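Chemist: model the following, please.
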Amino acid sequence: MRVDVLTLLGLLIAFAAIVGGNWIEGGRVGSLLQFTAFVIVIGGTFGAILLQSPLPVFMRAMRMLLWVFRPPAIDAEQQIKEIVAWSQLARKEGLLGLESVSERHEDPFAKRGLQLLVDGREPEMIRAIMEVELESYEENAIRAAKVYEAAGGYAPTIGILGAVMGLIHVMEHLADPSKLGEGIAVAFVATIYGVGSANLILLPIAGKLKAIIHEQERVKEMTIEGLTAIAEGENPRAIETKLRGFIE
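Modeler: I've put the predicted structure just below:
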């Protein structure tokens, strides 16, 4: 898997814009670094999504985070070539000729479809079985991606909570001006952390994961269409023309 350059570039530009804008206005980088605010916002957001998410969904979301930096390989063009090759083999050797292809194929979804073909299932049955699997995959993957979407909703609110806590700290020490600055800093920086983490990190992560899932879904739908066409005995050239409608 290759590293997603756009993800790295996006993070770099986003943080450079925030830090650079603060510097242009005469601010210090150190003024944006507040450990207390970080603990309140990040810890509070993490706790909220733990409370919301079932363990399997949360664990899947953590595993999918890697996709943001190293997306899974999705090559629709290569998939079309493979399906056309399967159809040509099926016309020459019959559906049983696909058994060896099924045994060595790495994609579990395509492998299961090939096994259904080899078993001689009817086209309607193949489509029905694979569509159920596709719907299940899509639902579980989207639920995992929504963990980051939910975190993006909680973070700004928890940032405001941190701001209120900072102001309470300020009010408790009005008689001691030396402690006012720290409390006010935590208050405003907590808000920055909440809004910034939501809009620069969490919500974009959710959006990218959903885009990847959508692309995977498209290729899986194309695979279902191709395997069903093979089961119906369609011509390889006609199958290729049909499948290219998914990418054009």
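Chemist: show me how the chain divides into domains.
Modeler: 1-33, 34-244 (automatic domain parsing).
Chemist: what's the least confident stretch among those?
Modeler: Lowest mean pLDDT within these: domain 1-33, a mean of 81.
Chemist: tell me which residues of it come out buried.
Modeler: Within domain 1-33, the residues scored as buried using 16 or more other C-beta atoms under 10 Å are 4, 7, 10, 32. Where C-beta positions appear, they are placed from N, C-alpha and C, glycine not excepted.
Chemist: with stretch 153-167 instead?
Modeler: For stretch 153-167, by 16+ other C-beta under 10 Å, it's 154-156, 158-163, 165-166.
Chemist: out of those, which is nearest to residue 38?
Modeler: Nearest to residue 38 among those is residue 162, at 9.4 Å by C-beta to C-beta.
Chemist: who does the lengthiest helix in the chain touch, helix- and strand-wise?
Modeler: The longest helix of the chain (DSSP state H) is helix 123-172. Using 3 or more C-beta pairs under 8 Å, 6 or more residues apart in numbering; DSSP states H and E, the elements in contact with helix 123-172 are helix 44-52, helix 55-69, helix 108-118, helix 180-197, helix 203-231.
Chemist: now the buried residues of stretch 153-167 in TSV, with distance to residue 25?
Modeler: Putting the buried residues of stretch 153-167 into TSV (distance: C-beta to C-beta, whole Å) gives the following:
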residue	distance to residue 25
154	29
155	24
156	22
158	26
159	20
160	23
161	26
162	22
163	20
165	26
166	21
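Chemist: of those residues, closest to residue 102?
Modeler: Distances from residue 102 to the buried residues of stretch 153-167, taken by C-beta to C-beta, are shortest for residue 154, at 44.9 Å.
Chemist: quick one on the thing from earlier: out of the helices and strands packed on helix 123-172, flag the one nearest residue 76.
Modeler: It's helix 203-231; of these, that one is closest to residue 76 (C-beta to C-beta) at 5.4 Å.
Chemist: which parts of the helix or strand just after the closest one are buried?
Modeler: Next helix or strand after helix 203-231 toward the C-terminus (DSSP states H and E): helix 236-244. Using 16+ other C-beta under 10 Å as the test for burial, helix 236-244 gives 236, 239-240, 242-243.
Chemist: who are the packing partners of helix 236-244?
Modeler: Using 3+ C-beta pairs under 8 Å, 6+ apart: helix 236-244 touches helix 76-93, helix 203-231.
Chemist: export those to a markdown table and append columns for mean neighbour count and distance to residue 43.
Modeler: What follows is these, written out as a markdown table (neighbours: other C-beta atoms under 10 Å; distance: least, C-beta to C-beta, whole Å):
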| stretch | mean neighbour count | distance to residue 43 |
| --- | --- | --- |
| helix 76-93 | 17 | 41 |
| helix 203-231 | 19 | 18 |
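Chemist: make a markdown table from those and add distance to residue 191 to it.
Modeler: Below are the helices and strands packed on helix 236-244 laid out as a markdown table (distance: least, C-beta to C-beta, whole Å):
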| stretch | distance to residue 191 |
| --- | --- |
| helix 76-93 | 43 |
| helix 203-231 | 17 |
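Chemist: out of the ones you listed, the one nearest residue 111 is which?
Modeler: helix 203-231 (10.5 Å).
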